[in-house]
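What follows is a predicted structure for the sequence shown.
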Amino acid sequence: MKTFVPGLVLFVLCATQQAVAGDKKPLFQDDSVIKAVLTAPIAQAYAQRDQEVRIYLPGQWSYSDENGETKRLDVSIRTRGLFRRENCALPPLQLNFKKKQVKGTLFAGQNKLKVVAPCQDGPLSQQHVVLEYLAYRTFEILTERSFATRLIRLSYVDTDEKKQPWTDLVFVIEDDNDLAKRLDLMKLGVVENRFDQIDRPYTALVDLFQLLIANYDYSVLQGPEGRRCCHNTEILASPDDADVRFAVPYDFDLAGLINAKYAAPPSHMPIRFVRSRYYRGLCHPPGIVEDAIEHVMSKREAILELFANTRELEAKKKKKTLKWLEDYFAIFDDPKRLQKEIYGRCRGEEELAEMLERQEESGD
């Protein structure tokens, strides 16, 4: 396997990383924290968590705009997700706005929004939300082909008064249809991706990002049994060629960066703790991973500054996280570690050899 050559940056990687996105919708054009209040039958929504079919319950959403004025919108809510809906004391919610009503507001163009909120009561679970938000923001630093997010300091008011009002720091995620439109790509509902269908430079970047946050709960090739491809990635493709596919990652609550109590590495992996990093990226033709590393290293300071300058991250947690992130970048500063921990662990060498042989035979 080829070793890393500093300064090697192929044109194909540059083309993948340059600004490819159109304008984000107003909600995601700023990173300041929004103040909002959700008034709805929240206890009723939580009570539906175990139901396969969950109905939307009507409520009201109010927020402070950039001038400090309060705006009010109708909204419906229901619980969402799989693991967290089943296992969290505070299951995550999905917001459903009326498109006509949000015109001309901060939420213009929004319809259904996923809310990521603390799994449990308490400051530790709150910090987990901040860290997961920072995982999304980190990937945004690495590539435009990423989900946009926005922090909200959200106050919950249960209209049935079965739950006392409370306030949490949460974040919302860009809708997958909006992501595809912004990137001028199309969503694919496929069963799996073949080894030769994924965009190589982008996939190498995704795998290095997942190593950075120590996340093993994803796949760029397959979905969970009985579900469409791919696990915790949204598959997008070029409208001109459905065999050029981008597996955009999301859902990082099981990552070592967050270090939630319920997180553990997969049983088949040779590590005991979710904070331990173990590369499970795919093998690629020479130059692809090298260029992805070069790109990641070029964003090193921006990533570290993101965490260092996030006021919502508690000081002790910030110091510990920054040290842990620095150890990731140290891998690429040490040729022996790089060879052992990256190139020596890539998956799919046989598939790569077969793909390259087919390409050689076809003259591509």
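It's in.

Now do the strands in the stretch 201-350 of the chain.
233-238, 241-249 (DSSP state E, counting those that start in this stretch).

So which of those is the most surrounded?
strand 233-238 (a mean of 21; mean count of other C-beta atoms under 10 Å). (C-beta placed from N, C-alpha, C; glycine too.)

hang on, the earlier thing: let me have the strands of the stretch 201-350 of the chain in TSV, adding mean pLDDT and distance to residue 27 as columns.
As requested, the strands of the stretch 201-350 of the chain are arranged in TSV below (pLDDT from 0 to 100; distance: least, C-beta to C-beta, whole Å):
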stretch	mean pLDDT	distance to residue 27
strand 233-238	96	19
strand 241-249	96	18
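
any chance of these in TSV, with distance to residue 29 too?
Shown next, in TSV, are those (distance: least, C-beta to C-beta, whole Å):
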stretch	distance to residue 29
strand 233-238	21
strand 241-249	19
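
nearest to residue 294, of those?
Proximity to residue 294, assessed across the strands of the stretch 201-350 of the chain by C-beta to C-beta, is greatest for strand 241-249 (19.7 Å).

roughly how far out does the closest one sit from the chain middle?
Offset of strand 241-249 from its chain centre (C-alpha atoms, centre = their mean, to the nearest Å): 16 Å.

Using CSV, write out every CA atom in that strand.
The C-alpha trace of strand 241-249 is given here as CSV (Å, rounded to 0.1, in the frame of the first residue of the first chain):
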residue,chain,number,x,y,z
ASP,A,241,-24.5,9.4,-13.6
ALA,A,242,-26.2,7.4,-10.8
ASP,A,243,-23.0,5.4,-10.4
VAL,A,244,-21.2,8.4,-9.0
ARG,A,245,-22.4,8.2,-5.4
PHE,A,246,-21.8,10.2,-2.2
ALA,A,247,-22.6,8.7,1.2
VAL,A,248,-23.2,11.8,3.3
PRO,A,249,-22.9,10.9,7.0
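
just the angle between it and strand 233-238, please?
Angle of strand 241-249 versus strand 233-238, following axes from the mean of the first three to the mean of the last three C-alpha atoms, to 10 degrees, is 150 degrees.

can you list contacts of strand 241-249?
139, 145-147, 179, 185-186, 188, 193, 196-199, 202-203, 206, 209-210, 215, 218-220, 230, 232-238 (C-beta atoms under 8 Å, 6 or more residues apart in numbering).

Mind checking which of those residues are in helices?
139, 179, 202-203, 206, 209-210 (DSSP state H).

Tell me which two in those are the farthest apart.
179 and 210 (18.3 Å).

So for those two, which residue has more residues nearby?
residue 210 (25 against 22; other C-beta atoms under 10 Å).

Residue 219 is in contact with the more buried one, correct?
No - counting by C-beta atoms under 8 Å, residue 210 stays clear of residue 219, with 10.3 Å between them.

before we move on, back to that, type out the PyMOL command that picks the buried ones from the contacts of strand 241-249.
Selection command for PyMOL covering only the buried members of the contacts of strand 241-249, criterion 16 or more other C-beta atoms under 10 Å:
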select buried, resi 139+145+146+147+179+185+188+193+197+198+199+202+203+206+209+210+215+218+219+220+230+232+233+234+235+236+237
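
and residue 194, how many neighbours?
Neighbours around residue 194, by other C-beta under 10 Å: 12.

so how far is residue 172 from it?
For residue 194, the distance to residue 172 equals 34 Å [C-beta to C-beta, to the nearest Å].

follow-up on the earlier one: format the ones in helices among the contacts of strand 241-249 as JSON lines; extra columns: distance to residue 352.
Shown next, in JSON lines, are these (distance: C-beta to C-beta, whole Å):
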{"residue": "139", "distance to residue 352": "25"}
{"residue": "179", "distance to residue 352": "29"}
{"residue": "202", "distance to residue 352": "16"}
{"residue": "203", "distance to residue 352": "12"}
{"residue": "206", "distance to residue 352": "17"}
{"residue": "209", "distance to residue 352": "20"}
{"residue": "210", "distance to residue 352": "19"}
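
Go through those and name the one nearest residue 95.
residue 179 (17.0 Å).

ok now do the closest one, which residues does it touch?
Per C-beta under 8 Å, 6+ apart, neighbours of residue 179: 147-148, 234, 236, 248.

Next: residue 214.
255-257, 274-277 are the contacts of residue 214 under C-beta under 8 Å, 6+ apart.

Skipping adjacent residues, who's closest to it in space?
Nearest residue to residue 214 in three dimensions, chain neighbours excluded: residue 256, at 2.9 Å (C-beta to C-beta, 6 or more residues apart in numbering).

and that neighbour, how many neighbours does it have?
By other C-beta under 10 Å, 23 other residues sit near residue 256.

Same check on residue 226?
Count around residue 226 with other C-beta under 10 Å applied: 5.

Relative to residue 191, how far out is it?
When residue 226 is compared with residue 191 (using C-beta to C-beta), they lie 10 Å apart.

And for residue 200?
The spacing between residue 200 and residue 191, counted by C-beta to C-beta, is 21 Å.

got a list of what the residue nearest the centre of the chain touches?
In the chain, the centroid-proximal residue (C-alpha atoms, centre = their mean) is residue 250; its distance is 3.0 Å. Going by C-beta under 8 Å, 6+ apart, residue 250 touches 136, 147, 173, 232-234.
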